[in-house]
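# dropping the sequence and predicted coords here.
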Amino acid sequence: MEMAGAQDSPTAAVVVGPDGTVSGWSEGGRLLLGWTARDIVGRPVTDLLADPPPPGFPEGYGSGRDPTGFLLLRHRDGSPVDAVVTVQPLHGPDERALGHVVTVQRWGGRPVIADRAFEQSPFALGVYDPGLRFLWINASSGRVIAHSERQVLGRKYREVLPEFDRTLFPERDDKPYTDALAEVARTGEPTRLITVFRPRGSDYANAWATSIWPVRDAEGRVRAVANWGFDMSAEYWARQRLLLLNEASGGIGRTLDVIGTARELAMVPVPGFVDLVSVDLFDEVLRGEEPPLGSPFAPGDTIRLSRAARHSTQEDAGPAQGAPTPVTCAPGSVGARCLAAGRSTVELAAEPGQGGEWAFGPGLAADPAHWPPDNPVIDASIAADGLTGRITVPLRARGTLLGLVAFSRVERPEAFTADDLILAEELAAKAAVALDNARRYARERTTALTLQRSLLPQALPNHEAVEVASRYLPGGTGTEVGGDWFDVIPLSGARVALVVGDVVGHGLHASAGMGRLRTAVRTLADVDLPPDELLTHLDDLVLHLASDLQPTGPYQPAAESGATCLYTVYDPVSRHLTLASAGHPLPLVVSRDGTRTPVPVQPGPPLGIGGLPFEATELELPEGSLLALYTDGLVQSRERDVDQRTAELQQALNHSTASLETLCDTVLEAMLPQRRTDDAALLLVRTQALDPHHVADWDVDPDPAQVPRARKLAVDQVDAWGLEEAAFVTELVVSELVTNAIRYGEPPIRLRLIRDTSLICEVSDASNTAPHLRRARAFDEGGRGLLLVAQLTQGWGTRHTADGKTIWCAQSLPQPERH
C-alpha cells in the first residue's frame, strides 16, 4: 500500500448502462486506470476487471446494504490496481432503471481507510448536529444504545433514548452526557467527562470516559458536535473500591470503643457498596473478654450473638444507637455455617443473566472461576426479606472469631460479583482488627480502672476539723486510665492532711505508681513531717522508683516516671493551713462571703527532678472556708488557657450550696466536657474551727514537784468536759509524759488537752530528742512508762516542730449517735 500518494489519489466515475456496457467515463478514470473515454466507452465494464467478475456484478453491488466492495482492476498498461468500488443504481424521472454509477478509488486512499477505521473502532463514536440530532454513529456506539445507525439518523437524542428513572437508579443515567453535548454545541468549547449509567437492557451501571468537541466549517462556525467514548468500568469500579477502602481506613477504628467501631463498620459501605449492613458480635467481645478461639462451632450448633450495629439507606441519622440486642444463628443457617467454617458466603436471590450465563457488567469478575469454592449460593428465599443479594463474612482477628457482618443489597438489580466479595472481606478484615483492638483496650482499661479505684480511698474519714467530698473521673473512652489520686489523712492534735497528686503516664503503670506514692505519703504523714520535708522525702522515693524501673535489656524502653503532689495540713485549733506543692496546681480557697483567699507560694518542681527545695507556706483561714484541691485534668482545655479555666472553676465554687456532694457534681458538670482526654480528681473541703472550750493548755515548770499539779489540772478539765470515765487513764498518761519531759526534755514545757472525736493529750518541750518504746527487763527501775501509755491509749506518737517536739496520745471517746 503506497500511502505517500494516497491523499491525492483520483476517484473514477463510471456510468454503466442496463446492458453492462460503459456509457460514461470521467477524467478520474483516465488518471486512475490510464484509459480514455474513447478507449472504454461502449465496452463491457467487465473489461476493466483483472479477475473474473464476481456474481451479479455490477447489479448485485447496488442491491445489498453495503454497495461497496474490493476488486482487482486492470490498468491500461496491464498492471493490477487494488480498488474500492461503490455501485449505486441510476434511475430516470419515471423510476425507470438507467443503469448504475460505479465509483472507483484506489485501495489505500485515506478517505476510505478513515471510514473503515472509524466504523470498526472499538470506541463509541458519534456525530450530532447542533440540535443534537444524530448525523452518524459507528457500530460500537450502536451497540451501546441498542439502535442501528439507520434507526437514529436525523432523530434527536432524547427521541431515541428517553431519560432513565432516576428514582430507581439515582445518579445512574446519561443526563450528564446530554448536558455536556448541549454545552459544547452552545459554547463551542470541548469537554471531557466520566459518566456512570445503566445501558439499555443491562442490570449493571457502566462507567464511560467521553471526549466531546465541536466540528467547525471553514468560517469557524459550529456545524456539528462529535464525541468518542470508551468503557472504563473495570478501572472505574476498581478505583471506587479503593476509595471505599481508603474511607474505611479513616472511618473505622477512630475510637477504641467496640460499639462505636461496629457502628462505623455499618456506616462506611452504605450507600456506595450496599444498602444494608448488620454487625453481630459475641457477648464476650462487648464485655472486653476473650471470645471463642478458632472455630469451635459445628454447622448444627445454635450460636448466640448480639447485634451491635445496623444501618441502611433508610436510616439517615446513622446506625441504631440503642443497646445491643440478642440475635441467634439457627442450626444450619448461613451465619452458623460461616462461623463453623470460618469462610464467607455470597447469596443471590436469582442467577444473573439469561440462559444460565453470568451477565456481569464490563470489567467485573464475570467468570464463575473467579469465585471461591461454594460461592455464590442461589437462594430465592432472601427475596422474601426484600434482598437481592447478601454477603456474610466472619469477623476474625489474630485467629479469634469476634462475630459476623452481613452486607445486603435491597431491591438493586446488580448481583454481587467476585470482586464485591473481595471488597467485603477487606472491609471486614480492617474492622475486625479495630474491633479486637477496642476489645483489648476495654479489658486493659477496666483492669487499670479497677486497680485505680481500689487504691483510692473507699470512704473518706469523718473528722471534726473538716467536711469533705470527692470525685474521681477517668478519661473518656479511647483514653487510658491515669494516675490521679487524693487522700484525707487524720493527724495528731486534731489536725488533718489533705493530699492530691498526679502520676506521669497512663495505664497500669500509672495506677501502680499512684498506689506506691499514696502509701508513701501516708507513711510519711504518720511521722508528722512538715509539708516541705514530706515532699523532699517523696521526691527521693520517686527518684529511687525511677531507677528501679530503668530497662535491663538493650532494647527495652525506659518507663515514664515523675509525679506532682500537693500536701496540705489544716489545724482546726489555730485555723492555720500549711501547704507545699511539687509541681501541682495550688488549691483554691474561698471564704464564706465568696472572696478568694490568695495562696502566697510558688509550686516547686515536680517529684522526680531531685536536688531542688520545696517551699512551704502557712495562712490563717476564716472558719467555714471552702478549699478545692484538684488535678490538672479538671482545668486543662484545648480551647482556653489554664488561667481562664481556673477562673471558671472559681466561679463554679458556690458557697451557697449546702451540700459538698452536690457542689462536686455541679463543678464537674461545669468544668468537664463530654469527651474527656485525661483523668480528673476533685477534693472539696469545708474547714471547721475547734470550739475554744474544747482546748485547754498549761505551762509546766521543769520541776518534778509540778507533776501532781499537772495531773490535777488534767483530771479537773476532763471532769469539766463530762468525761469522768477517762479521768483515770488521763491521770496516768499525763503523769508519765510530763515526768519524761521534765527528766529528759528542755524547757519550756507545755501540757495541752484537746477534746475532739478522741481525747488528745500533748506534752511539748524544746528538746529534739525523741523517746523510744522498749520493754523493761524484770529488775529495771524504769523504761515502762511509754509501754504503759501505749497499752492504755489507742495511739501515741512524736512530732517535731521548729521549737522542739511534741509527745501525744489519744483515747477513744464514745461517738454520739448520728441521725
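Thanks, I have the structure now.
# contacts, neighbours, all on C-alpha from now
Will do.
# which helix of this protein spans the most residues?
Assignment by DSSP state H gives helix 418-455 as the longest helix of the chain.
# show the average pLDDT along that helix.
Averaged across helix 418-455, the pLDDT comes to 84.
# so which bits of it are buried?
418-421, 423-425, 427-446, 448-449, 451-452, 455 (16 or more other CA atoms under 10 Å).
# one more: stretch 392-403?
Buried, per 16+ other CA under 10 Å, within stretch 392-403: 392, 393, 394, 395, 396, 397, 400, 401, 402, 403.
# from those residues, which one has the minimum pLDDT?
Lowest pLDDT within the buried residues of stretch 392-403 is found at residue 400 (86).
# any idea how far that residue is from residue 434?
Look at residue 400 and residue 434: by CA to CA, to the nearest Å, they are 13 Å apart.
# again, but for residue 90
Counting by CA to CA, the gap from residue 90 to residue 434 is 79 Å.
# correct me, but residue 129 touches residue 225?
Yes. Residue 129 is in contact with residue 225 according to CA atoms under 8 Å; the separation is 6.1 Å.
# neighbour count winner among the two?
Ranked by neighbour count (other CA atoms under 10 Å), residue 129 and residue 225 place residue 225 first, with 26 against 19.
# which helix or strand contains the more buried one?
strand 222-231 (DSSP states H and E).
# what lines up beside that strand in the sheet?
Using DSSP bridges, the strands paired with strand 222-231 are strand 124-128 (antiparallel), strand 206-216 (antiparallel).
# residues in contact with it: which ones?
Contacts with strand 222-231, where a contact means CA atoms under 8 Å, 6 or more residues apart in numbering, come from 122-130, 132, 181, 184-185, 188, 206-217, 362.
# just the buried residues of these.
Buried members of the contacts of strand 222-231, scored by 16+ other CA under 10 Å, are 123-130, 132, 181, 184-185, 188, 206-215, 362.
# so what would you say the end-to-end distance of stretch 130-147 is?
Terminal residues of stretch 130-147 lie 21 Å apart, using CA to CA.
# so how far is it from its chain's centroid?
The chain centroid and the centroid of stretch 130-147 are separated by 49 Å under CA atoms, centre = their mean, to the nearest Å.
# before we move on, back to that, next SSE after the longest helix of the chain?
That would be, after helix 418-455 and using DSSP H and E, strand 466-473.
# could you list the residues in contact with that following strand?
460, 485, 496, 660-661, 664, 679-688.
# least confident secondary structure element in this structure?
Of all helical and strand segments in the chain, the minimum by mean pLDDT, DSSP states H and E falls on helix 110-120, at a mean of 70.
# go through stretch 139-149 and flag the buried ones.
139, 140, 141, 142, 149.
# which one of these is nearest residue 67?
Proximity of the buried residues of stretch 139-149 to residue 67 was ranked by CA to CA; the top entry is residue 149 with 16.1 Å.
# wait, what's in contact with the closest residue to that closest one other than its chain neighbours?
The shortest distance from residue 149 to any non-neighbouring residue, by CA to CA, 6 or more residues apart in numbering, is to residue 137 (5.9 Å). By CA under 8 Å, 6+ apart, the contact set of residue 137 is 124, 125, 126, 127, 149.
# I'd assumed residue 118 was in contact with the second one.
What it means is residue 125. Yes. Using CA under 8 Å, residue 125 and residue 118 qualify as a contacting pair, with a distance of 7.5 Å.
# what about residue 80, distance to residue 277?
Following CA to CA, the distance that separates residue 80 from residue 277 is 72 Å.
# looking at these two, which is more packed in?
Higher neighbour count among residue 80 and residue 277: residue 277, with 27 against 16, using other CA under 10 Å.
# helix or strand: which one has the more buried one?
Residue 277 is part of strand 276-281 when elements are defined by DSSP H and E.
# now that strand, how far from the chain's geometric center?
That offset, for strand 276-281, works out to 18 Å (CA atoms, centre = their mean).
# can I get the CA coordinates of the next helix or strand after that strand in PDB?
Following strand 276-281 in sequence order, the next helix or strand is helix 283-286 (DSSP H and E). C-alpha atoms of helix 283-286 as PDB (Å, rounded to 0.1, in the frame of the first residue of the first chain):
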ATOM      1  CA  ASP A 283     -21.200 -11.000  74.100                       C
ATOM      2  CA  GLU A 284     -17.600 -11.600  75.300                       C
ATOM      3  CA  VAL A 285     -16.300  -9.100  72.800                       C
ATOM      4  CA  LEU A 286     -18.800  -6.500  74.000                       C
END
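# buried stuff in helix 283-286?
For helix 283-286, burial by neighbour count (16+ other CA under 10 Å) applies to 283, 285, 286.
# do stretch 721-739 as well
Neighbour-count burial for stretch 721-739, counted by 16+ other CA under 10 Å, picks out 723, 726-727, 730-739.
# domain ranges for the protein?
3-115, 125-231, 238-445, 456-549+560-687, 693-812 (automatic domain parsing).
# poorly predicted segments of the stretch 601-750 of the chain, please.
Applying pLDDT under 70 to the stretch 601-750 of the chain flags the ranges 638, 674-677.
# let me see the ranges of the helices in it.
642-652, 660-671, 707-720, 727-744 (DSSP state H, counting those that start in this stretch).
# switch the ones you listed over to TSV; also include distance to residue 543.
Converted to TSV, these look like this (distance: least, CA to CA, whole Å):
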stretch	distance to residue 543
helix 642-652	28
helix 660-671	33
helix 707-720	47
helix 727-744	38
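# among those, which is the most enclosed?
Among these, helix 727-744 has the highest mean neighbour count (mean count of other CA atoms under 10 Å), at a mean of 20.
# quick check: angle from it to helix 707-720?
150 degrees (axes from the mean of the first three to the mean of the last three CA atoms, to 10 degrees).
# first to last residue in stretch 625-637, what's the distance?
By CA to CA, the extent of stretch 625-637 from end to end equals 28 Å.
# ditto for stretch 29-46
End-to-end distance (CA to CA), stretch 29-46: 15 Å.
# for it, buried residues please.
29, 30, 32, 33, 34, 35, 36, 37, 40, 41, 45, 46.
# distance of the fourth one from residue 67?
Right, residue 33. Residue 33 sits at a distance of 21 Å from residue 67 (criterion: CA to CA).
# then the last one?
With distances defined as CA to CA, the gap from residue 46 to residue 67 amounts to 17 Å.
# again, but for the second one
Counting by CA to CA, the gap between residue 30 and residue 67 amounts to 23 Å.
# the residue nearest the centre of the chain sits in which helix or strand?
In the chain, the residue lying closest to the centroid (CA atoms, centre = their mean) is residue 254, at 0.9 Å. For residue 254, there is no helix or strand it lies in under DSSP H and E.
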